[in-house]
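[1] Here is my input; please provide its structure:
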Amino acid sequence: MMSDIVMQVSNLKTHFFTSEGEIPAVDDVSLKIHKGEIVGVVGESGSGKSVTSLSIMQLLPERIGKIVAGEILFNGQDLTQASKKQMQKIRGKKISMIFQEPMTSLDPLFTIGNQLIEAILNHERMNKQQAREKSIELLKLVGIPRAESIVDEYPHQLSGGMRQRVMIAMAMSCDPDLLIADEPTTALDVTIQAQILDVMRRINEETNMAILFITHDLGVVAEMCDRVVVMYAGQVVEEGTVREILKEPKHPYTKGLIRSLPKLEEKQEELYSIPGTVPVPKVGQVGCKFAPRCEYAFEQCFTQSPELYTLEEGRSSRCFLHVKEEGDERDDTTANLRS
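    Sure, this is the predicted structure:
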């Protein structure tokens, strides 16, 4: 239902203006997130995942990055038109973000408690003692032992997994409607990664908070997400439920990503990898961006840019193969009628 939509991004274009020219890092991206839903955004490095999240948060580097088109509707408000003061009220309170490396996000000069208390006091009507008590509750919520003493420790005294839990607690401090998690488990070992994912899933279930989960790990997507948006070279190339994407991928890029996953039931001497690399986006680029790496590419793929075709409700793919297949089916039907 439309009333359940927490955020809707429509035709978003974000460009970087560098000495080498204008780079369309996000090119006509559209996605939506419903209340209580976990949406995964997946793709290789350089696909535009993180720039999309920074665009939503209005955290693009000044004078270099700029939203040049599109809208970001959050609870009915277009964030692309929001002032700095309005965004300061929204960040942390309504939309929170967890970054990839917690050590660079936490201030090494202040205790964990001081940083949590500051985040709470900036948005909530509480005194310092109440904010401290809530900080301890939040640390317990994300599974940190000895929360009463950890609150007075410094970031360098904690492990990577503990620091990431602190970042989740900080993101949860003002009960946001939307949590953006940008590769939150990348720097952690597998055991700690599983614990962090459990914490996030439990919080999602208990609070009904929407999560935009950015990752390159399809295993994490399978475990965490309800729907998946696959990005390549700044564009959405496929969208669907987790089951649809993993069981029946439509776009050649998605097929390549899934094919590159190791399979326990098969003995593989060498893992498959998609040939080539993600291209540097260019303004006015003609043709499918994946065509140079695609084993199914034909002439049209190099001369025209495919749109994001709707296959069915909530299912889409940016590929000319769908048009070709539909055309072949129509030709077969016509031939059968004639015969």
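
[2] use CA for all of it now, contacts and neighbours both
    Noted.

[3] From the rest of the structure, what touches stretch 180-189?
    50, 53, 95-101, 160-161, 164, 193, 196-197, 211-216 (CA atoms under 8 Å, 6 or more residues apart in numbering).

[4] got it, and stretch 62-80?
    Residues outside stretch 62-80 that contact it (CA under 8 Å, 6+ apart) are 5-18, 28, 55-56, 58, 60, 87.

[5] again with stretch 109-128
    For stretch 109-128, contacts defined as CA under 8 Å, 6+ apart pick out 89, 92-93, 106-107, 131-132, 135, 150-155, 166, 169-170, 173-174.

[6] give me the beta-bridge partners of residue 23?
    Taking DSSP bridges as the rule, residue 23 bridges to residue 16.

[7] low-scoring pLDDT stretches of the stretch 1-150 of the chain, where are they?
    Along the stretch 1-150 of the chain, segments meeting pLDDT under 70 span 1-3, 101-103.

[8] buried residues in stretch 151-169?
    Buried residues in stretch 151-169, counted by 16 or more other CA atoms under 10 Å: 151, 153-155, 160-169.

[9] the strands in the stretch 51-200 of the chain, which residues?
    Listed in chain order, the strands of the stretch 51-200 of the chain (DSSP state E, counting those that start in this stretch) span 65-74, 77-78, 95-98, 178-182.

[10] can you give me the helices in the stretch 201-339 of the chain?
    218-224, 242-247, 252-259, 299-303, 320-338 (DSSP state H, counting those that start in this stretch).

[11] Only the C-alpha atoms, please, for the fourth one, written as CSV.
    In other words, helix 299-303. Extracted C-alpha coordinates of helix 299-303, given in CSV (Å, rounded to 0.1, in the frame of the first residue of the first chain):
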residue,chain,number,x,y,z
GLU,A,299,23.9,-5.3,-31.9
GLN,A,300,21.1,-3.3,-30.2
CYS,A,301,22.8,-3.5,-26.9
PHE,A,302,25.7,-1.4,-28.1
THR,A,303,23.6,1.2,-30.0
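
[12] By mean pLDDT, show me the worst of the helices of the stretch 201-339 of the chain.
    With a mean of 55, helix 320-338 has the lowest mean pLDDT of the helices of the stretch 201-339 of the chain.

[13] before we move on, back to that, pull out the buried residues from the contacts of stretch 180-189.
    Here, 16+ other CA under 10 Å leaves 50, 53, 95-101, 160-161, 164, 193, 196-197, 211-216 buried among the contacts of stretch 180-189.

[14] need the contact list for the spatially closest residue to residue 15 that is not a sequence neighbour.
    In space, and not counting its chain neighbours, residue 15 is closest to residue 24: 4.3 Å by CA to CA, 6 or more residues apart in numbering. Each residue near residue 24 by CA under 8 Å, 6+ apart is listed here: 13-16, 234, 281-283.

[15] Any chance of the strands of the stretch 51-200 of the chain in JSON lines with distance to residue 271 as columns?
    Shown next, in JSON lines, are these (distance: least, CA to CA, whole Å):
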{"stretch": "strand 65-74", "distance to residue 271": "37"}
{"stretch": "strand 77-78", "distance to residue 271": "44"}
{"stretch": "strand 95-98", "distance to residue 271": "31"}
{"stretch": "strand 178-182", "distance to residue 271": "26"}
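
[16] What confidence value was assigned to the residue nearest the centre of the chain?
    Nearest to the mean C-alpha position of the chain, by CA atoms, centre = their mean, lies residue 214 at 2.9 Å. pLDDT recorded at residue 214 is 94.
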